[in-house]
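Undergrad: Provide a 3D model corresponding to the input given below.
(one chain, ligands or ions: 1)
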Amino acid sequence: MSLYTEEKQKLKQITEKIGQQIAALEKIPRYYGNHLVEQILDDQRQKKLRDLRHAYSQLYFGRLDFEEGETNQITPLYIGKIGVEDEAENQPLIIDWRAPVASMFYSFTGKGDTASYISPDGLVEGVIHLKRNIVIRKQKLERVVDSYVRGKENMGLTDEFLLYRLSENKDHRLRDIVSTIQLEQDQIIRADRSEALIIQGVPGSGKTTVALHRLAFLLYQYRQRIRAERIVIFAPNQMFLDYISDVLPELGVGDIQQTTFRNWAMEILKSHHIELEELKTSPQAKQFDKKPPFLTQTEKWDRLRGSIDFLHYLKRAFAYYESHVVPKRGILAWDDVFLSEETIRTWFEIEYKHEPLMKRKERVFARIKRWLESAYKEIRSLDPKGLQKKEAMKRMRAYMKAWPKHNLIELYHHLLITPLPSSDLDIDLSIIRQNINLKVLDCADLAPLVYLHTQLYGVDQTQLFDHIVIDEAQDFSPLQVAVLQEYCPSGSFTILGDILQNIFGGQGIRHWNEFQSLFPIQKVRFYQLQRSYRSTTEIIQFANQVIDPYRGEIERAIPVFRSGDPVQCFQMNSFQEIMTWVQDAFSQGSHTVAVVTPTEMRAKEAYRMLMNAELKPNLITSQQDQYLGGLSVAPIYLVKGMEFDAVILLDVDDQFYPENEQCAKLLFVGCTRALHRLSLAYQKEISPLVPQG
Ligand SMILES: Nc1ncnc2c1ncn2[C@@H]1O[C@H](COP(=O)(O)OP(=O)(O)OP(=O)(O)O)[C@@H](O)[C@H]1O
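TA: Numbers count the residues shown, from 1 in each chain. Down below sits the predicted model:
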């Protein structure tokens, strides 16, 4: 029997069995009564029905024939997105890709035929006889590719199937990769939940995709400990979140929070009614619409506000402030009844030490009131008109008024302008003095403000996370991560990014050490992803050359060998050439095409011209919250994280991309967005960053 016929028969068998299970469940009437047990059973049936329907629409993508130990019994394991049991035989029909046994599908390298996995009962070893990739669409078998058959020549393992997958044009959404997860990606996906993972990956190495698969894995593996609604993904903007929004539902995962740091922080701080300068005008637009080299005078101030030194400074300043909160006097209630400063200080500084400041203050005030009430009991009979009490209450209120009152922003300001008695901190105070301006808060103030908020009010239990993902983390500051640690006591993080894609001068990090040092050494693990799956070899080699002079210790991207057209650089004489380029790209089969400009202003101009030519472009701006696919026009700093079948970069001139690190990073980001086709157009002088020859 041919492979194809064998798999066709198996497919028929499995679809029939799942179909029967669905039909059986559909026959059971829904329960709408009040009986709790019946309600729970109905819920369980509905969930099972949803899973079965999901499984029916996806079925499986791989087969692994495994012989456990030396039993001579070879079991074919069919691996899919959702596991399904054969209820009649109490056997798995389809194995969930996240199950321990399925890990061999990804970890088996074909070097030797033995393989192992860790089951709940311990290590299981055995022999792999077959690894097969299977493509099924709408319950029809489309493709069967063996990547390993025991005893046969090395067949290149998954490469053929991977290349087939990578050569497909993409639609406007990021997709799951369960059928082709690579070994180095799988190790990240299945890493232990209790660690913080920091992942440096070249563009297109699958960082975002891997992080999303990791969430699906964590929810499967640790279902008792991690809940979807207590997981959060931080991404650079709403449009990016929209772009990645299909992957988790495809993997059968819902309810995960997705946000930007700014939105999250604004929510935490909402009771303080903070207004940010950036909400009126986009800082990025302002920064990038300036003439290059884009670095502004405020860069140092931004960097300082994101640094751990600044956090230490705030900590020190806050501790100093706290030590001066309790007024330097006690309360005299009447005659010889006196509550000393020392007693109040003991309550505040020792007994309630573990509470946030506002809570401590509240408790101390409540205790003073209780103290007064109980002292008064002793003399009540001597004070029939209550005059003494009235007087004592007045004194107590006056005492309470003597406690400092600062709202959050005033406190922030106060801490920054009040000199500390001695400071051995490595911080340039002159930068603070030059820049502190209470009226203008911007995004870089959010993390310090959230830090102070937690010192004042603590962290609300409902705001805690079981796991945090930070995508494009190179743009995060160490202080932002430190603040998020307060909200994730388990220390379970997936932090991913690419140092070479840090395009915002004043923001972000230059070395992953800046994050690593925030976690205990045994609780943090660093990974590097070097293989790039997105672009053709030609595009990756070109982009590597752009960034080579600035790469430092970051490794070069290695392409998965997939050849395409050479990268084209040309002088543009009229915009008509761009329109023709766009039309060609679509007629050659591209589904998503991007025209990428150096500034937002240039993007608007290009958009108008493409609009007039009826090419139906979508303009991407910093306010955008949806990505529509088709033809996009965008400034270069907004396409980070995205990908398009074909990309043309406009104005790649000396004027916009002079020879400096910041511009090289921008150009690197722009080039690495393209999957299959990349062109660069310049008007007068080509940028010196463009590799020659
Ligand atoms: N194992 C894989 N099999 C098939 N496709 C893959 C695999 N890994 C990554 N890809 C594809 O490569 C592309 C890039 O993935 P992704 O956007 O997650 O990369 P990234 O590292 O986050 O990129 P960037 O740094 O540019 O944001 C996507 O189209 C993704 O589907």
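Undergrad: Helices of the stretch 301-450 of the chain, residue ranges please.
TA: In chain order, the stretch 301-450 of the chain shows helices spanning 308-323, 341-346, 357-379, 387-401, 408-417, 429-435, 446-457, with DSSP state H, counting those that start in this stretch as the criterion.
Undergrad: what's the closest of those helices to the ligand?
TA: With Cβ to the nearest ligand atom as the criterion, the ligand lies closest to helix 446-457 of these, at 22.8 Å. Every C-beta, even on glycine, is put in place using the N, C-alpha and C of the backbone.
Undergrad: buried ones in the closest one?
TA: Neighbour-count burial for helix 446-457 flags 446, 447, 448, 449, 450, 451, 452, 453, 454, 455, 456 (criterion: 16 or more other Cβ atoms under 10 Å).
Undergrad: By mean pLDDT, flag the weakest helix or strand of the chain.
TA: Least confident helix or strand, the chain: helix 283-289 with a mean of 46, by mean pLDDT, DSSP states H and E.
Undergrad: Let me have the buried residues of helix 446-457 in a markdown table, adding pLDDT and distance to the ligand as columns.
TA: Listed next are these as a markdown table, based on pLDDT from 0 to 100; distance: Cβ to the nearest ligand atom, whole Å:
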| residue | pLDDT | distance to the ligand |
| --- | --- | --- |
| 446 | 93 | 23 |
| 447 | 95 | 23 |
| 448 | 95 | 28 |
| 449 | 95 | 29 |
| 450 | 97 | 26 |
| 451 | 96 | 28 |
| 452 | 96 | 33 |
| 453 | 96 | 31 |
| 454 | 96 | 30 |
| 455 | 95 | 35 |
| 456 | 95 | 37 |
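Undergrad: picking up where we left off before, could you tell me the least trusted of the helices of the stretch 301-450 of the chain?
TA: Lowest mean pLDDT within the helices of the stretch 301-450 of the chain: helix 429-435, at a mean of 73.
Undergrad: Alongside the ligand, which residues does this protein contribute?
TA: Counting by Cβ under 6 Å from any ligand atom, the chain comes close to the ligand at 162, 165-166, 170, 175, 177, 180-182, 185, 201, 203-209, 498, 533-534, 641, 643, 672.
Undergrad: List the contacts of residue 510.
TA: Residue 510 makes contact with 499, 502, according to Cβ atoms under 8 Å, 6 or more residues apart in numbering.
Undergrad: mind checking the SS state of it?
TA: With DSSP: H, G, I helix; E, B strand; the rest coil as the basis, residue 510 sits in coil.
Undergrad: just residue 132 next, same as before
TA: State at residue 132, reduced to three classes by three-state DSSP: strand.
Undergrad: Which pLDDT does the model give residue 597?
TA: pLDDT, read off for residue 597, is 96.
Undergrad: which residues does it bridge with?
TA: Judged by DSSP bridges, the bridge partners of residue 597 are residue 635.
Undergrad: Can you give me the neighbour number for it?
TA: Neighbours of residue 597 under the rule other Cβ atoms under 10 Å: 23.
Undergrad: Roughly how far does the residue of the chain most remote from its centre sit from residue 44?
TA: The outermost residue of the chain relative to its centre, with distances by Cα atoms, centre = their mean, is residue 382 at 67.4 Å. Note on residue 382: its distance to residue 44, by Cβ to Cβ, to the nearest Å, is 70 Å.
Undergrad: Ok, residue 631 next?
TA: As judged by Cβ to Cβ, residue 631 and residue 44 stand 47 Å apart.
Undergrad: Repeat that for residue 9.
TA: 32 Å.
Undergrad: tell me the contacts of the one residue in the stretch 251-400 of the chain that gets nearest to the ligand?
TA: Of all residues in the stretch 251-400 of the chain, residue 251 sits closest to the ligand, at 12.9 Å by Cβ to the nearest ligand atom. By Cβ under 8 Å, 6+ apart, residue 251 lies in contact with 81, 176, 178, 212, 213, 216.
Undergrad: what about the residue in the chain that the ligand sits nearest to, neighbour count?
TA: The minimum distance from the chain to the ligand, using Cβ to the nearest ligand atom, falls at residue 206 (3.0 Å). A count of nearby residues for residue 206, using other Cβ under 10 Å, gives 26.
Undergrad: So it is in contact with residue 533, correct?
TA: Yes: counting by Cβ atoms under 8 Å, residue 206 touches residue 533, with 5.7 Å between them.
Undergrad: what residues are up against residue 447?
TA: Going by Cβ under 8 Å, 6+ apart, residue 447 touches 261, 265, 305, 306, 477, 479, 480, 482, 483.
Undergrad: Out of the residues you listed, give me the one that has the most neighbours.
TA: When neighbours are taken as other Cβ under 10 Å, the top entry among these is residue 477 (27 neighbours).
Undergrad: ok but residue 94 is inside a strand, no?
TA: Yes: secondary structure assignment places residue 94 in a strand (three-state DSSP).
Undergrad: From the rest of the structure, what touches the helix or strand hosting residue 10?
TA: In the assignment (DSSP states H and E), residue 10 maps to helix 3-27. Helix 3-27 has contacts (Cβ under 8 Å, 6+ apart) with 45, 48-49, 52-53, 55-56, 59-60, 63, 76, 78, 84, 86-87, 93-94, 132, 134, 136, 139, 141, 144, 146.
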